[in-house]
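K.L.:
Provided below for reference: sequence and predicted model.
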Amino acid sequence: MKSSILFNRLLAPGIYQMAFSCADIARSASPGQFVHIKLNDSGHILRRPFSISNIIGDIVYIVYQVRGSGTLIISRLKSGDEIDVIGPLGRGFDISRTKNRALIVGGGLGIAPLLYLSRMLSNKSEVFLGYKDHLFLVEEFEHPIVSTETGISGYRGFVTDALKEYLESSPMADIIYACGPVGMLKAVKSISQHYGIPCQVSLEERMGCGIGACLVCSCKIKAEDGWHYMRVCADGPVFMADEVIFDD
Amino acid sequence: MKSSILFNRLLAPGIYQMAFSCADIARSASPGQFVHIKLNDSGHILRRPFSISNIIGDIVYIVYQVRGSGTLIISRLKSGDEIDVIGPLGRGFDISRTKNRALIVGGGLGIAPLLYLSRMLSNKSEVFLGYKDHLFLVEEFEHPIVSTETGISGYRGFVTDALKEYLESSPMADIIYACGPVGMLKAVKSISQHYGIPCQVSLEERMGCGIGACLVCSCKIKAEDGWHYMRVCADGPVFMADEVIFDD
Amino acid sequence: MIDMEVEIAGIKMKNPVTTASGTFGHGVEYAKYVDLNRLGAITVKAITLEPREGNPPPRIAETPSGILNSVGLQNPGVDTFIREDLPELIKYQVPIIVNVAGNTIEEYCQVVEKLNDLPIAAFELNISCPNVKHGGMAFGSDPHMIEKVTKKVKNRSKKPLIVKLSPNVTSIVDSAIAACDGGADALSLINTLLGMAIDAESRKPILKNITGGLSGPAIKPIALRMVYEVHKAVNIPIIGMGGIMTGIDAIEFMLAGATAVAVGTANLVNPTAVIDVIDGIYDYMQRHDIKSIKDIVGALSA
Amino acid sequence: MIDMEVEIAGIKMKNPVTTASGTFGHGVEYAKYVDLNRLGAITVKAITLEPREGNPPPRIAETPSGILNSVGLQNPGVDTFIREDLPELIKYQVPIIVNVAGNTIEEYCQVVEKLNDLPIAAFELNISCPNVKHGGMAFGSDPHMIEKVTKKVKNRSKKPLIVKLSPNVTSIVDSAIAACDGGADALSLINTLLGMAIDAESRKPILKNITGGLSGPAIKPIALRMVYEVHKAVNIPIIGMGGIMTGIDAIEFMLAGATAVAVGTANLVNPTAVIDVIDGIYDYMQRHDIKSIKDIVGALSA
Ligand SMILES: Cc1cc2nc3c(=O)[nH]c(=O)nc-3n(C[C@H](O)[C@H](O)[C@H](O)COP(=O)(O)OP(=O)(O)OC[C@H]3O[C@@H](n4cnc5c(N)ncnc54)[C@H](O)[C@@H]3O)c2cc1C
Ligand SMILES: Cc1cc2nc3c(=O)[nH]c(=O)nc-3n(C[C@H](O)[C@H](O)[C@H](O)COP(=O)(O)OP(=O)(O)OC[C@H]3O[C@@H](n4cnc5c(N)ncnc54)[C@H](O)[C@@H]3O)c2cc1C
Ligand SMILES: Cc1cc2nc3c(=O)[nH]c(=O)nc-3n(C[C@H](O)[C@H](O)[C@H](O)COP(=O)(O)O)c2cc1C
Ligand SMILES: Cc1cc2nc3c(=O)[nH]c(=O)nc-3n(C[C@H](O)[C@H](O)[C@H](O)COP(=O)(O)O)c2cc1C
Ligand code: FES
Ligand code: FES
């Protein structure tokens, strides 16, 4: 699908927010799903996956970091330029599991999809956001608990420390939703197990098709007979933390 | 060299004129030389050669036709965009050979470099321009003799017919300069031989480096022992018509 | 009337376009984007006797105008394929070509026998996968072995046999002749070229499996050359593939000598790629006033 | 202090970057764009015993992230090279590597003998050109032949001998071992892959010669894999090449096992490419706090 870019602006060093209008995606997207964006450069043939960070009306928002040559090309797009995007793809967070209270935990760019999620859950959630130093998107959340590794703002330390501290005084929740670096997800998983709270994590893997056909985006998921490779793009990106086998 | 595009505008269906400012090229270019332009697409790695069509102050003009994917990409550039260009390259027309009168003959896109040439020779030249149908650049020449294959404007027929007719009544000139499709060049060559007028032609060949190193842009040039391959980019693109062996 | 029909090894295809094995799943994944009934044929991912998990991720790397993959024949095994995937596929009015792989010749034969009486159109013998230790490319690099595997499988197969060749050889013509001698009904070329990508920052290979198979536009010139060489050397039809993204790319393969073409990596880029290719061929035929697509097979003037 | 010096077959290079034969002319063409004294070495275009006109044009085609060329060893012959080109080159403080080609083994030997006593640093034995009927790839496709040519030329050569291998083989490791057994002092890999481009509109091959050699970023994954495989298999140093456009590309080749690298097609894209690559390597070393470039040779953690 061709969509027109509304803006593509710098939020923090190396981190951008892009908004494009696409009614089809906007209407059917749920939090935790992603879009797959084609680059306008014939030498780069794979699409790039980005979580849907927010939906307002027909407008889809993503927040991304420049990591390599693809995101660099994307960062140079301007308002009015067209992008070729498919989505919404994947299986997002299961919001029906939130009856009274969900804990939402995000680290780094993993914060992006949690904005949409927290908006859907409105006042039934407590949001924990972890940054290295520069904040972004924080003003769009309602009363988030912020931590930074450098201590520039909010708690000094990891977002999982803030989560642990919180759970010590108030150890109940229907579910924890987490998105962020693998190290953080592992820590959240073990916290969730410690407190016996179900937990969903959103995974990342290098992708091809994004629609479940090429089998390149594997992650290890527990099964009766040990484990199977499942597809991050179609079976995920969100999985029950219990079922995910984090390698290494 | 990075240069900034001043404009890139449609002159006729599929035919564009681009102007960019580049003092280095503007200062040293002579008519018949070319520039070599890099595409801003990593999948297309070769530069594209275009004749310098005009120089005004620091501004370099080219006129080009969209032929394939590279010229399509170039045609989408906008004023303010940067291009990476090297030049001036090659050996152009020898204007010192014009004492009193030169005949300048161009067909199709071959007309582009003749604008700059005719301006350098000012009133010492007679210009013959041949088009298929749509005219372009014609208003920038002084009193050109125009022919079109369809007869829409000027003489109906080939530019070489107009040239022949002219020579019948006025069979003297120091030199003929020609640029255009191979068929036209062959015809001009035989006309020049018929009238015993020296003739220079500008050739085209697929290029790599454009600076004489990779030896891909060969054309057959007569030599004592038969012929040699010479390099269109560095030994040409302009050669004495007598010396060129047109194959097929 | 523009006639796009071709025949490969007795399979009637309504147009010359099939999918390249492994890039189109079992077809149904694309049903949301593509009217599967429009395809000339569907070639499914490699099927082995036993289920396989494949290689650990990352399994894909982007390279200039190409990709590397190291999926490594992940598949549910022939029994599950027959039970769960095939019934979905045969609902469509499209010939199904099953790509068959194995560790041993006997495994290839057993897969073929399990499928022999089911409504599939042909087998594509995958002796060219670069991402597995046994079978795969090991079988496809030596003409004697190619002939032997082809012959044995052909003997046990009730369907036409297409042999898919590896480009990682000194002479693709020798491979093709060997497959012919073994009784192949058609050839698919090419499978992926063995390649590697490195991340200089981490000083690690990008693929967990270190090496992978290179596909996409980057390899098109090599694929075209191989189709051209093989077409001159053998008389059985060729399914050409390697970097086909557009109808024009497909036409190039057919001019070089392919009777049909397969679209692979392009599916990963654009889910509608296979339809775009079919439409592009049609456009070209219209523009050049070509009545039957068969007229351009091998019609290169060289 | 950052130490970029490397040694290949006894040649001291001030940095690991040379030019790929045939893409840098005889060096002087680039003197306007590049301070030639900054190069680690200059490798010149293939020289044969007699002058050669090469193949008819068009000799170049653009392909996705690559190019095809069919120059076909056009060169003025060794005598003219010695008389006209070499004197210009040896003015620079840079080791000169002469790429040698021929129709017969004896021709290779004669070229070598004519150059033996001149101030050049090494010979690069070109048994991998895909664009000529005799010699070239025909010599480079068969390990026995590789060993034989290498041995004969080595016997007549007074300079280090670098053997340049063809990637158009089933096993690059077999080629490399054969060159080692023949006495090669170093290996260059890779030469171009045989490919083809077609113009669907005219239904003709784009190259007059029909096929040509594929180079540029498109082939980098294949080249990296071959360098990696060969580095594990033999002990002589490798000059890696194939699609190097940046310093990071060069680092990838060195991590895979190359002691030095050559920049080819990139020169056609940017006349200053070879300097950009040297500067890029320097930047990487600074960023990663690498004192000696030798430390990254083969340092891939796989
Ligand atoms: C489901 C999903 C959602 C994502 N959501 C976001 C998001 O909201 N914001 C954001 O900044 N990033 C997100 N990412 C990561 C993002 O896709 C990569 O950072 C991006 O693809 C890097 O592209 P590049 O060309 O700059 O990097 P390069 O390294 O040049 O890319 C080379 C190839 O590797 C792939 N790749 C590289 N890093 C990653 C990675 N971490 N994950 C997956 N593929 C990778 C690229 O897609 C490309 O195919 C998400 C990834 C996935 C799988
Ligand atoms: C010295 C010289 C001066 C030229 N001046 C002009 C000019 O002033 N105006 C103009 O419109 N055109 C000019 N051309 C032709 C112009 O370079 C080609 O039309 C252009 O390169 C086509 O690029 P493409 O990507 O659109 O075509 P594609 O066919 O996609 O290009 C593929 C490759 O073939 C090369 N190629 C294709 N056609 C030609 C051709 N006719 N000549 C040389 N290379 C070709 C391209 O450069 C590219 O490397 C000139 C060519 C030369 C050699
Ligand atoms: C992700 C992926 C998976 C593949 N899996 C298979 C496979 O299972 N069996 C097979 O014969 N070829 C497989 N291939 C090779 C393709 O079928 C095809 O031969 C090759 O990719 C070249 O075509 P392309 O450039 O259009 O992709 C695979 C290719 C890719 C990219
Ligand atoms: C135009 C051109 C001419 C070449 N001529 C030669 C040659 O004369 N001898 C040789 O050994 N290799 C020759 N090559 C191959 C290169 O030296 C190099 O091995 C190959 O191009 C891969 O490197 P690259 O991708 O950086 O270009 C030539 C390559 C090109 C593009
Ligand atoms: S990216 Fe293709 S299956 Fe997930
Ligand atoms: S283009 Fe390289 S020598 Fe002319």
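P.N.:
Noted; the coordinates are in hand. Ligands and ions are numbered 1, 2, ... in the order given.

K.L.:
Only C-alpha atoms from now on, for both contacts and neighbour counts.
P.N.:
Noted.

K.L.:
Does the spatially closest residue to residue C:117 that is not a sequence neighbour fall in a helix, a strand, or a coil region?
P.N.:
Residue nearest to residue C:117 in three dimensions, not counting chain neighbours: residue C:158, with 7.7 Å by Cα to Cα, 6 or more residues apart in numbering or on different chains. The three-state label given to residue C:158 by DSSP: H, G, I helix; E, B strand; the rest coil is coil.

K.L.:
any idea how far chain B is from the nearest residue to residue A:110 once chain neighbours are set aside?
P.N.:
Spatial nearest neighbour of residue A:110, excluding adjacent residues (Cα to Cα, 6+ apart): residue A:180 at 4.0 Å. From residue A:180 across to chain B, the span is 31 Å (Cα to the nearest Cα, to the nearest Å).

K.L.:
Thought residue A:104 was touching residue A:180, still the case?
P.N.:
No. Look at residue A:180 against residue A:104 with Cα atoms under 8 Å: they stay out of range, at 11.1 Å.

K.L.:
the more surrounded of the two?
P.N.:
Shown here are residue A:180 and residue A:104; by other Cα atoms under 10 Å in any protein chain shown, residue A:104 has more neighbours (25 against 22).

K.L.:
what packs against the helix or strand containing the more buried one?
P.N.:
Assigned by DSSP states H and E, residue A:104 belongs to strand A:102-107. Packing contacts for strand A:102-107, counted by 3 or more Cα pairs under 8 Å, 6 or more residues apart in numbering or on different chains; DSSP states H and E, involve helix A:111-121, strand A:125-131, helix A:159-169, strand A:175-179.

K.L.:
out of these, deepest packed?
P.N.:
strand A:175-179 (a mean of 27; mean count of other Cα atoms under 10 Å in any protein chain shown).

K.L.:
Check the burial of residue C:30 by counting its neighbours.
P.N.:
Neighbour count for residue C:30, taken as other Cα under 10 Å: 18.

K.L.:
what bits of the chain have low per-residue confidence?
P.N.:
If you meant another chain, say so; for now it's chain A. Scanning chain A for pLDDT under 70 picks out the ranges A:248.

K.L.:
if you could check chain C rather than the one you did, that'd help
P.N.:
Checking chain C against pLDDT under 70 turns up C:132-137.

K.L.:
Spell out which parts of it neighbour ligand 1.
P.N.:
C:61-62 (Cα under 6 Å from any ligand atom).

K.L.:
For chain C, which segments count as helices?
P.N.:
C:78-80, C:86-89, C:105-115, C:136-140, C:143-156, C:172-181, C:220-233, C:247-256, C:265-269, C:273-287 (DSSP state H).

K.L.:
Can you list the neighbours in contact with the lengthiest helix in chain A?
P.N.:
For chain A, the helix that runs over the most residues, judged by DSSP H, is helix A:182-195. Residues outside helix A:182-195 that contact it (Cα atoms under 8 Å, 6 or more residues apart in numbering or on different chains): A:107, A:160, A:164, A:171-172, A:176, A:178-179, A:198-199, A:201, A:203, A:241-242, A:246.

K.L.:
which of these come close to ligand 1?
P.N.:
Okay, of the contacts of helix A:182-195, nothing touches ligand 1 (Cα under 6 Å from any ligand atom).

K.L.:
hmm, stretch A:76-86 touching ligand 5?
P.N.:
No. Using Cα under 6 Å from any ligand atom, stretch A:76-86 never reaches ligand 5; the gap is at least 12.6 Å.

K.L.:
in chain A, what residue is nearest ligand 3?
P.N.:
Closest to ligand 3 within chain A is residue A:214: 4.9 Å, counting by Cα to the nearest ligand atom.

K.L.:
if I pick that residue, what's in contact with it?
P.N.:
Per Cα under 8 Å, 6+ apart, neighbours of residue A:214: A:208, C:22-25, C:268.

K.L.:
tell me the contacts of residue C:225?
P.N.:
C:256, D:194-197, D:211.

K.L.:
out of the residues you listed, what pair is the most spread apart?
P.N.:
C:256 and D:194 (14.9 Å; Cα to Cα).

K.L.:
out of those two, which sits in the more crowded spot?
P.N.:
Each of residue C:256 and residue D:194 has its neighbours counted (other Cα under 10 Å); residue C:256 has more, 33 against 25.

K.L.:
Is it correct that the more buried one is in contact with residue C:227?
P.N.:
Yes. The pair residue C:256 and residue C:227 passes the contact test of Cα under 8 Å, sitting 6.2 Å apart.

K.L.:
Skipping its backbone neighbours, what lies nearest residue C:3 in space?
P.N.:
Going by Cα to Cα, 6+ apart, residue C:3 has residue C:292 as its nearest residue, at 4.6 Å.

K.L.:
can you pull the contacts of that neighbour?
P.N.:
Per Cα under 8 Å, 6+ apart, neighbours of residue C:292: C:2-5.

K.L.:
what helix or strand is the residue of chain A closest to ligand 3 on?
P.N.:
Counting by DSSP H and E, no helix or strand carries residue A:214.

K.L.:
Tell me the spacing between it and residue C:69.
P.N.:
To residue C:69, residue A:214 is 9 Å away according to Cα to Cα, to the nearest Å.

K.L.:
contacting residues around residue C:144?
P.N.:
residue C:178.

K.L.:
Find the closest residue to ligand 2 in chain A.
P.N.:
In chain A, the residue that lies nearest ligand 2 is residue A:42 (12.9 Å; Cα to the nearest ligand atom).

K.L.:
SS state for the residue nearest to that residue when sequence neighbours are not counted?
P.N.:
Spatial nearest neighbour of residue A:42, chain neighbours left out: residue B:43 (4.9 Å); criterion: Cα to Cα, 6+ apart. Under three-state DSSP, residue B:43 falls in the coil class.

K.L.:
Burial check on residue B:43, number of neighbours?
P.N.:
Neighbours of residue B:43 using other Cα under 10 Å come to 24.

K.L.:
Same question for residue C:220.
P.N.:
Residue C:220 - counted by other Cα under 10 Å - has 27 other residues nearby.

K.L.:
just checking, it touches residue C:240?
P.N.:
No. Judged on Cα under 8 Å, residue C:220 makes no contact with residue C:240 at a distance of 10.1 Å.

K.L.:
Pull the residues that contact stretch C:59-66.
P.N.:
Against stretch C:59-66 from outside (Cα under 8 Å, 6+ apart): A:42-46, A:206-208, A:216-218, B:42-43, C:67-71, C:197, C:206-209, C:212, C:214-219, D:64-65, D:217-218, D:221.

K.L.:
Repeat the analysis, applying 6 Å as the threshold.
P.N.:
Stretch C:59-66 is contacted by residues A:43-45, A:216, C:67-71, C:207, C:215-218, D:64-65, D:217-218 when judged by Cα atoms under 6 Å, 6 or more residues apart in numbering or on different chains.

K.L.:
same thing with stretch A:229-241?
P.N.:
With Cα under 6 Å, 6+ apart, stretch A:229-241 has contacts from A:90-93, A:189, A:199-203, A:210-212, A:217-220.

K.L.:
Now residue A:151. Nearest residue, chain neighbours left out?
P.N.:
Per Cα to Cα, 6+ apart, closest to residue A:151 is residue A:157, 6.7 Å.
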